[in-house]
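Engineer: structure of the sequence below:
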Amino acid sequence: MSDHFEIYRKAQSLPALFFNSSKNRQEKPFLWTKKNGVYESETWGSVEADILALAKALKGMGVSPGDRVALVSENRSEWPISDLAIMTSGAVTVPSYTTNTTSEHLHVLTNSGSVGVIVSTKEMAERVMPAAIEAPAVKFVVCMEMITVRQKHSLDIQSYKDVLERGAAMSETAEELLGSLKRGELATIIYTSGTGGTPKGVMLSHGAIISNCMGAHDVLASGWSLGDESFLSFLPLSHAYERMAGQFFPIAIGAEIYYAESIDKLVDNLGEAKPTIMTAVPRLFEAMRMRLIRALKDMSPFRQRLFNAAVELGTKRAKGETLTFKERLLDLFVEKAVRQGRVKSRFGGRLKALVSGGAALNEQVGLYFKAIGVEILQGYGQTEAAPLISVNRRHNSTLESVGPAVKGVEVKIAEDGEILARGELVMMGYWQNEEATKSTVSEDGWLHTGDIGIIDDQNRIVITDRKKDIIVLSGGDNISPMRVEGFLTLEAEIGQAMVIGDKQPHAVALLAPDPDFLRDWKRATGKSGTLEELSTDPDLLKVMGEAVNRVNNNLSNIERIRKFMLADQEFTTENELMTPSMKIRRHKILDIYRDQLSQLFPAKKK
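Structural biologist: Sure, this is the predicted structure:
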């Protein structure tokens, strides 16, 4: 086994992985946070000191090995410090999404039996505190920003700063704290983001996430020389994908981590952080593609022609088509002027790897970025697999697949076409839900992913659909809603789409206009009003219908959208219609629009 895999083989816990990396990097910058408009860093040594102080303080507050402690915070340096401190104390981290309502926080706290909560801002605490007061096992709350609580309670509320200071005065070492913590023990309970029902607590061992980090290292080391790397973290750390790929993997390779301010400021943060490795979800790439297309309008005619040439010629090359001599010369020119110039600088100028996960990446979106010189490695996984199962390699990437299984993972296809995975990465089960565990993980250790696919002749996984989301029309034909939704959202007018039609004669769609398109359309037509007010506007419906017709022209007869309606609001994490990894929550959207959507189908005969 090569040297860079030795650290993963030897590490008995995630904190041990951190302390190993920190050992020879004490004075080097590690975590970067924006303060007063400027990125400021914390060194490995200062982060290590804070982790130890918080871990000791938690033990002093009565936290015992195996206890659960919840963490509710946006991405910031205190997130990994708190996460690793909880684990260092022998306890189990239970992240709760920052977008959760009070009732959702209550479900997480009560179901997990958390004894304490670490919360960041006053705004966050407003939703967390009522849940913490009601949750039967919660004894204390540590607040990064001090709060005022008006409700009667018996909780021990302390400031993060005071807790750190108290812990720093205690004398235990990292070795004493970690004790006999083993990689097979429970490290975290991550509640699924709930695209189809009540979230379940996924139990992941230290070894599951360490195994994932090893797989990620193997993939990147096979395509690039890894050295002084930097990551830009913007997906929620409470999600398994960012937790592994944006926190523990950078820790394992000794990388620096920059925390993005928000998705709205992502482009600015890319230029400031200049990341070398970045993970994202398909929804972000779709939005970035649309912004690049719109940005063309503000360029000079000459720059527009150059950019369009880069797209056209890059697409031909990506498809394996032969370029003429004249095209090859032009391609060399746009490679320097566009791909290695304007496009590269937009991503910070140092980007090596851009990995997409969390949902299926539309082939046309992947092809567009490849054409302009941005290689996206599409990966695949789920929370129950810590989450990485497979990913494409730099020298053998294909837009049709999600790559071969990563190091240490077995994959096979069941008789009904379901993708199965096995290895140390598989969850220990669902917290206090033996029935769901048995239906998801077989006795011989195979994780039933719920996805349908095949394995091609190069051992790459090709996903064809989500087992539970396949639409079966009344005539018996099967439709992949995600495939049709992907084509719909490629249109400039359409920001989001949900396709339904199970047990119906045809498919229909619920659409949300792209916000930038809607803004420009209102300006051009002189119309005003919110999306709610315009959702039935005949002129807007006509324009959206034209976009649907363009998509229908490229779909098979059974896939075509026969009717559609407009949503009266965007699907966002704030209104709970989108998961933190930017997938639509079908069941919640249907709860709102079911009656209206049913009117798009033929009336049932009595």
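
Engineer: for stretch 529-549, buried residues please.
Structural biologist: Within stretch 529-549, the residues that count as buried by 16 or more other C-beta atoms under 10 Å are 531, 534-535, 537, 540-541, 544, 547-548. Just so you know, the C-beta spots here come from the backbone N, C-alpha and C atoms, and that holds for glycine as well.

Engineer: buried ones in the longest strand along the chain?
Structural biologist: The residue-count maximum for a strand in the chain (DSSP state E) belongs to strand 447-455. Buried positions in strand 447-455, judged by neighbour count with 16+ other C-beta under 10 Å: 447-449, 451-453, 455.

Engineer: just stretch 206-214 next, same as before
Structural biologist: For stretch 206-214, by 16+ other C-beta under 10 Å, it's 206-214.

Engineer: repeat that for stretch 308-325.
Structural biologist: 309-311, 313-316.

Engineer: off-centre distance for that stretch?
Structural biologist: Distance of stretch 308-325 from the chain centroid (C-alpha atoms, centre = their mean, to the nearest Å) equals 31 Å.

Engineer: okay, the residue nearest to Arg342 when sequence neighbours are not counted: pLDDT?
Structural biologist: Nearest non-adjacent residue to Arg342, counting by C-beta to C-beta, 6 or more residues apart in numbering: Phe307, 7.7 Å away. Phe307 carries a pLDDT value of 95.

Engineer: for the one 3 residues further on, same thing?
Structural biologist: With respect to pLDDT, Ala310 has a value of 96.

Engineer: same check, this time on Arg291
Structural biologist: 84.

Engineer: look at it and give its secondary structure.
Structural biologist: Under DSSP: H, G, I helix; E, B strand; the rest coil, Arg291 falls in the helix class.

Engineer: residues near it, how many?
Structural biologist: By other C-beta atoms under 10 Å, 12 other residues sit near Arg291.

Engineer: ok, now Thr43?
Structural biologist: When neighbours are counted by other C-beta under 10 Å, Thr43 comes out with 16.

Engineer: sorry, back to before: out of the buried residues of stretch 529-549, which sit inside helices?
Structural biologist: When DSSP state H is applied, the buried residues of stretch 529-549 are split such that 531, 534, 540-541, 544, 547-548 fall in helices.

Engineer: quick one: which of those residues is nearest to Gly357?
Structural biologist: Of all these, Gly357 sits closest to Ala547, with 27.9 Å by C-beta to C-beta.

Engineer: that closest one contacts Ile494, correct?
Structural biologist: Yes: counting by C-beta atoms under 8 Å, Ala547 sits close enough to Ile494 to count as a contact (5.6 Å).

Engineer: joint contacts of these two?
Structural biologist: Residues touching both Ala547 and Ile494 by C-beta atoms under 8 Å, 6 or more residues apart in numbering: Leu488.

Engineer: surely Arg422 touches Ile389?
Structural biologist: No: the pair Arg422 and Ile389 fails to qualify as a contact (C-beta under 8 Å) at a distance of 10.1 Å.

Engineer: looking at the two, which is more packed in?
Structural biologist: Shown here are Arg422 and Ile389; by other C-beta under 10 Å, Ile389 has more neighbours (30 against 19).

Engineer: give me phi/psi at the more buried one?
Structural biologist: Main-chain dihedrals, Ile389, degrees, to the nearest 10: phi -110, psi -50.

Engineer: distance of the residue nearest to Arg342 relative to Ser356?
Structural biologist: Phe307 sits 22 Å away from Ser356, going by C-beta to C-beta, to the nearest Å.

Engineer: Gly417 now?
Structural biologist: 23 Å.

Engineer: which of these two has more neighbours?
Structural biologist: Ser356 (25 against 13).

Engineer: need the pLDDT of the more buried one.
Structural biologist: The model's pLDDT for Ser356 equals 91.

Engineer: for it, give me phi and psi.
Structural biologist: The phi and psi torsions at Ser356 (degrees, to the nearest 10) take the values phi -110, psi 130.

Engineer: ok, now which ones touch it?
Structural biologist: Residues near Ser356 by C-beta under 8 Å, 6+ apart: 279-282, 285, 366, 376-379.

Engineer: what do you get if the cut-off is 6 Å, keeping everything else the same?
Structural biologist: 280, 282, 376, 378 (C-beta atoms under 6 Å, 6 or more residues apart in numbering).

Engineer: packing partners for the longest strand of the chain?
Structural biologist: Counting contacts by 3 or more C-beta pairs under 6 Å, 6 or more residues apart in numbering; DSSP states H and E, strand 447-455 is packed against strand 418-422, strand 461-466.

Engineer: phi, psi of Glu42?
Structural biologist: Dihedral pair for Glu42: phi -120, psi 140, per degrees, to the nearest 10.

Engineer: that one against Leu31, yeah?
Structural biologist: Yes: Glu42 lies in contact with Leu31 (C-beta atoms under 6 Å); the separation is 4.7 Å.

Engineer: shared neighbours of those two, anything?
Structural biologist: Residues touching both Glu42 and Leu31 by C-beta under 6 Å, 6+ apart: Ser77.

Engineer: who's more crowded, those two?
Structural biologist: Just comparing Glu42 and Leu31: by other C-beta under 10 Å the higher neighbour count belongs to Leu31, 23 against 16.

Engineer: starting at the chain centroid, how far to the host helix or strand of that one?
Structural biologist: According to DSSP states H and E, Leu31 maps onto strand 29-35. In terms of C-alpha atoms, centre = their mean, the centre of strand 29-35 is set 21 Å apart from its chain centre.

Engineer: quick one: contacts of it?
Structural biologist: With C-beta under 6 Å, 6+ apart as the test, strand 29-35 has contacts from 39, 41-44, 47, 76-77, 256-259, 261.

Engineer: any chance of those in JSON lines, with distance to Asn557, secondary structure and pLDDT too?
Structural biologist: Shown next, in JSON lines, are those (distance: C-beta to C-beta, whole Å; DSSP: H, G, I helix; E, B strand; the rest coil; pLDDT from 0 to 100):
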{"residue": "Tyr39", "distance to Asn557": "54", "secondary structure": "strand", "pLDDT": "96"}
{"residue": "Ser41", "distance to Asn557": "58", "secondary structure": "strand", "pLDDT": "97"}
{"residue": "Glu42", "distance to Asn557": "58", "secondary structure": "strand", "pLDDT": "98"}
{"residue": "Thr43", "distance to Asn557": "62", "secondary structure": "strand", "pLDDT": "98"}
{"residue": "Trp44", "distance to Asn557": "60", "secondary structure": "helix", "pLDDT": "98"}
{"residue": "Val47", "distance to Asn557": "58", "secondary structure": "helix", "pLDDT": "98"}
{"residue": "Arg76", "distance to Asn557": "51", "secondary structure": "coil", "pLDDT": "96"}
{"residue": "Ser77", "distance to Asn557": "54", "secondary structure": "coil", "pLDDT": "97"}
{"residue": "Glu256", "distance to Asn557": "53", "secondary structure": "strand", "pLDDT": "98"}
{"residue": "Ile257", "distance to Asn557": "49", "secondary structure": "strand", "pLDDT": "98"}
{"residue": "Tyr258", "distance to Asn557": "49", "secondary structure": "strand", "pLDDT": "97"}
{"residue": "Tyr259", "distance to Asn557": "48", "secondary structure": "strand", "pLDDT": "97"}
{"residue": "Glu261", "distance to Asn557": "47", "secondary structure": "coil", "pLDDT": "93"}
